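A.B. asks: return a 3D structure for these sequence lines:
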Amino acid sequence: MKIARSTLRVAAIAGMCFAFAGCTQRLGDFTLIASKNIDLSNFNTGAAENSEKVTGEDKKVIICVFPTGIPNLKEAVDRAEEQKDAVGLTNARIDAAGWYIPYIYGESGYTVTGNPVPR
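C.D. replies: Below is the predicted model:
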């Protein structure tokens, strides 16, 4: 039984897509998120509404089958806040993402995006 070349090409492309596929999952949308204690009595979220969004990431790699660490959500929030010296983020979105090529290399981590609340 002969298999057509076009069928082999489709199978090869599908296999490559499957091998290099990644997974992204939205963990949630938050009105306010902060990684440290904040004083809410002087908290001005109005200033954050017009500010440009910032993004923070914490990613770890997987070499062969050994992870170099565990991604930390607090680190991702800290990195986003540090970009504009903010005390927190409003309208924040948290995503978890990862991809892996078996026994070769991969990455996993968190991404946090939001409007920074100034000090």
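A.B. asks: how about the helices in the chain?
C.D. replies: Here the chain has its helices, by DSSP state H, at 5-19, 46-49, 73-83.
A.B. asks: can you list the weak-confidence ranges in the chain?
C.D. replies: Screening the chain residue by residue with the criterion pLDDT under 70, one finds the ranges 1-3, 8, 11-12, 14-21.
A.B. asks: strands of that one, start to end?
C.D. replies: Under the criterion DSSP state E, the chain carries strands at the ranges 22-33, 54-63, 66-67, 86-101, 105-118.
A.B. asks: and of those, who's closest to D78?
C.D. replies: Across the strands of the chain, D78 has its closest neighbour in strand 54-63 (6.8 Å, C-beta to C-beta). C-betas here are computed from N, CA, C, even on glycine.
A.B. asks: redo the helices of the chain as CSV? Include mean neighbour count.
C.D. replies: Shown next, in CSV, are the helices of the chain (neighbours: other C-beta atoms under 10 Å):
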stretch, mean neighbour count
helix 5-19, 10
helix 46-49, 14
helix 73-83, 18
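A.B. asks: so for P118, which of the ones you listed sits nearest?
C.D. replies: Comparing the helices of the chain by their distance to P118 (C-beta to C-beta), the top pick is helix 46-49, with 5.4 Å.
A.B. asks: show me the contact partners of that closest one.
C.D. replies: A86, L89, T90, N91, N115, P116, V117, P118 (C-beta atoms under 8 Å, 6 or more residues apart in numbering).
A.B. asks: so which of those residues comes closest to V54?
C.D. replies: Minimum separation from V54 among these (C-beta to C-beta) is found for P116, which lies at 5.3 Å.
A.B. asks: any idea what the nearest residue to K84 once chain neighbours are set aside is bridged to?
C.D. replies: Counting by C-beta to C-beta, 6 or more residues apart in numbering, P116 is the residue found nearest to K84 once chain neighbours are left out, at 4.0 Å. According to DSSP bridges, L89 are recorded as the beta-bridge partners of P116.
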